[in-house]
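**Q** Provided below are the primary sequence and the corresponding predicted coordinates.
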Amino acid sequence: MCGIVGYIGNRNAIPILIDGLKRLEYRGYDSAGLAFFNDDKITLTKSKGQIKELERKISDTWRSKVGIAHTRWATHGEPSEVNAHPHTDCSDKIFVCHNGIIENYKALKEVLIRRGHKFKSETDTEVLAHLIEENLRYKPELAIAKSLKLIKGTYGIVVFFSDYPDRIIAARNSSPLVIGMGDNENFIVSDASAILGRTKNVVYMNDGEMAVLTKDNAKLFSYRGGSASSVNILKRAEKLDFNVQDIQKSGYPHFMLKEIFEQPESLTNSLRGRLIKKEGNVKLGGLENIKERLKSIDRLIITGCGTAYLAGSIGKLMIEELSGIPCEVGLASELRYLPNVDYRQNLAMVAISQSGETADTLAALRRFKEKNILTLGIVNVVGSTVARETDAGVYNHVGPEIGVASTKAFTSQVIILAILAIFLGRERGFLSAGKAKKIIVEIEKLPMLIKRVFGKKNKIKLIAKKYKNYNNFLYIGRKYNFPTALEGALKLKEVSYIHAEGCGAGEMKHGPIAMIDENFPIIAIAPEDSVYDKMASNMEEIKARRGKIIAITTEGNKKIKHIADDWLYIPKTL
Ligand code: M6R
């Protein structure tokens with residue numbers, strides 16, 4: 001995923017830009033570049049590969065008080081120096097960094113080439129620099145607004161003009177941008193981690209807004225059709241709620257491992273102040289204002305992408321079981337195309353997103369908002385777009401998830417959905433205080449139980465080593481552990497590039513079992529719960545086909561030794 005950093009102020013911009021890019025490295029990238037103003041001209045430096053390659057090209061003697069920088073993850077054109085951002089127009093006077101995708105860039109590029117523009121890269125972004133060049137008879141802000149009118153797609157852009165070195169201009173449509181406001185200096189970044197330790201005062205830009213940053217001022221406009229109306233930026237300022245330590249590896253070899261081991265603490269933070277054990281109830285401050293409306297809903301729809309969607313799939317089962325409200329879960333990338341269904345029922349939707357910025361989740365959320373449906377968010381990043389655009393919601397409070405492969409956010413999303421289920425069940429009189437109390441007691445134990453699982457890390461490593469050379473894996477589970485199986489498969493694919501599938505264990509006999517042989521290990525998520533006997537039958541079927549089984553089951557389950565090749569015990573809980 002791409003990253004943007006811009007700086008204007010009294011300090012040397014170059015180390016600030018490089019440091020900001022390094023803070024965004026965790027998002028993945030394949031090339032990087034920066035442009036800064038000095039001695040009446042803009043210097044542009046780019047490199048393929050890591051930021052340290054870019055640093056090698058930077059002289060210690062270079063000084064600048066304004067500049068923009070970018071890390072690129074190739075989408076249009078291979079990773080290369082020429083395709084790295086910033087991109088420029090024909091006269092090298094306009095410099096553009098862009099996150100997002102310009103869908104109609106080919107058509108625009110053809111027109112621009114016919115008009116004599118010379119393109120240097122294969123990227124969609126370069127079109128923007130040439131479009132702005134076409135409109136340069138207007139002042140910079142208007143030239144950008146007029147150009148953006150022609151763009152279809154998503155963007156967070158920062159633009160820098162050699163003729164106007166006193167300003168950086170940014171605009172947003174579906175790709176996050178955050179303004180950081182300091183003392184006689186301003187920042188523009190795609191992710192607040194890039195400015196941690198530099199300022200805590202931030203403004204999250206909205207879609208359709210343009211920002212003009214000068215050294216001692218930051219202005220925000222809503223631009224529509226080329227005209228602009230100003231927004232009071234000070235009223236929108238928020239305080240960043242995390243610190244530099246939160247984005248450091250603290251001795252772990254990588255962030256994903258650090259975040260896995262943070263889970264006892266992150267779950268404690270998600271639950272802090274929210275469980276009222278004595279009363280068998282929960283307190284969700286973010287839902288107070290809509291409590292009455294929630295009492296009368298007849299149906300819930302949960303949405304999200306990837307891991308967030310899978311957490312939602314577990315949430316659906318908990319909400320139905322504990323509150324009696326019929327609940328559906330849909331992939332945001334599909335729900336965004338919701339037809340004009342006539343919702344007679346009192347419906348509410350829950351959008352789940354760690355970042356709060358996922359384009360499909362936002363599109364689905366907006367589709368429901370158009371229909372005046374009550375919208376709730378379960379979001380980790382405070383002040384993010386999903387948080388701002390939903391009617392009410394619950395924050396995860398797990399700190400930044402730098403690892404990208406979701407771990408602590410997933411468990412937090414599940415636990416928030418569990419307490420949301422209790423909240424709805426209690427508010428509607430469906431769930432008794434006694435039963436809620438029993439669940440709360442078990443929830444409170446989870447951080448301690450997770451620590452117990454960490455005690456098995458050596459065994460987990462041994463199993464990983466034993467199976468590391470297999471090319472295919474299947475994860476199976478039933479009921480609550482069907483989504484868990486899908487999440488396991490997603491994680492294996494994402495971090496080890498091994499083919500993995502998740503399957504409802506009951507579906508095996510309807511086709512997938514045909515794949516099983518001794519080269520196809522199965523991870524069976526089989527705690528001793530209400531569907532354990534059925535899971536045991538599924539494991540027998542797999543064994544009969546000589547499939548290798550790695551079972552995850554409840555401590556004390558001795559029978560597993562007769563079915564599985566390897567097993568990991570997890571503590572018993574509700
Ligand atoms: O930030 P979001 O929760 O909206 O992100 C949605 C997905 O992209 C995300 O959950 C993704 O599937 C995980 N990071 C995968 O580990």
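**A** Sure, I can see it.

**Q** quick one: contacts for the residue in the stretch 101-250 of the chain that the ligand sits nearest to?
**A** Nearest residue of the stretch 101-250 of the chain to the ligand (CB to the nearest ligand atom) works out as residue 176 at 10.5 Å. All C-beta spots, glycine's among them, are computed from the backbone N, C-alpha and C. Taking CB atoms under 8 Å, 6 or more residues apart in numbering, we find residue 176 in contact with 99, 156, 190-191, 204-205, 355, 357, 384-385.

**Q** could you pull out the strands in the stretch 401-550 of the chain for me?
**A** 472-477, 499-504, 522-525, 549-554 (DSSP state E, counting those that start in this stretch).

**Q** quick one: residue 45 is in a helix?
**A** No. Read with DSSP: H, G, I helix; E, B strand; the rest coil, residue 45 is strand and lies in no helix.

**Q** ok, now how distant is the closest residue to the ligand within the stretch 451-574 of the chain from residue 482?
**A** Residue nearest to the ligand within the stretch 451-574 of the chain: residue 494 (5.3 Å; CB to the nearest ligand atom). Using CB to CB, to the nearest Å, we find residue 494 at a distance of 19 Å from residue 482.

**Q** so which of these two has more stuff around it?
**A** residue 482 (24 against 16; other CB atoms under 10 Å).

**Q** picking that back up, list the contacts of the residue of the stretch 451-574 of the chain closest to the ligand.
**A** residue 405.

**Q** which bits of the stretch 401-550 of the chain sit near the ligand?
**A** 404-406, 494 (CB under 6 Å from any ligand atom).

**Q** buried subset of the residues you listed as a PyMOL selection?
**A** Here is the PyMOL command that selects only those of those that count as buried (16 or more other CB atoms under 10 Å):
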select buried, resi 405+406+494
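
**Q** now, among the residues of the stretch 401-550 of the chain next to the ligand, which is nearest to residue 554?
**A** residue 406 (25.0 Å; CB to CB).

**Q** state the phi and psi torsions of the closest one.
**A** phi -70, psi 130 (degrees, to the nearest 10).

**Q** just give the closest residue to the residue of the stretch 101-250 of the chain closest to the ligand, not the sequence neighbours.
**A** Nearest non-adjacent residue to residue 176, counting by CB to CB, 6 or more residues apart in numbering: residue 357, 4.5 Å away.

**Q** is it possible to export the strands of the stretch 401-550 of the chain to TSV including mean neighbour count and mean pLDDT?
**A** Converted to TSV, those look like this (neighbours: other CB atoms under 10 Å; pLDDT from 0 to 100):
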stretch	mean neighbour count	mean pLDDT
strand 472-477	24	97
strand 499-504	20	96
strand 522-525	26	98
strand 549-554	21	98
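
**Q** show me where the stretch 201-350 of the chain dips below the pLDDT cut-off.
**A** 224-228, 344 (pLDDT under 70).

**Q** residues contacting the residue of it at minimum distance from the ligand?
**A** The ligand sits closest to residue 306 of the stretch 201-350 of the chain, with a gap of 1.9 Å, by CB to the nearest ligand atom. Contacts for residue 306 (CB under 8 Å, 6+ apart) come out as 406, 490.

**Q** relative to residue 375, how far out is it?
**A** Taken as CB to CB, the span from residue 306 to residue 375 is 20 Å.

**Q** over to residue 423?
**A** 17 Å.

**Q** what of residue 562?
**A** For residue 562 relative to residue 375 (CB to CB), the value is 50 Å.

**Q** who has more neighbours out of the two?
**A** residue 375 (23 against 10).

**Q** tell me if I'm right that the more buried one and residue 347 touch.
**A** No. Here residue 375 lies out of contact with residue 347, judged by CB atoms under 8 Å, at a distance of 10.0 Å.
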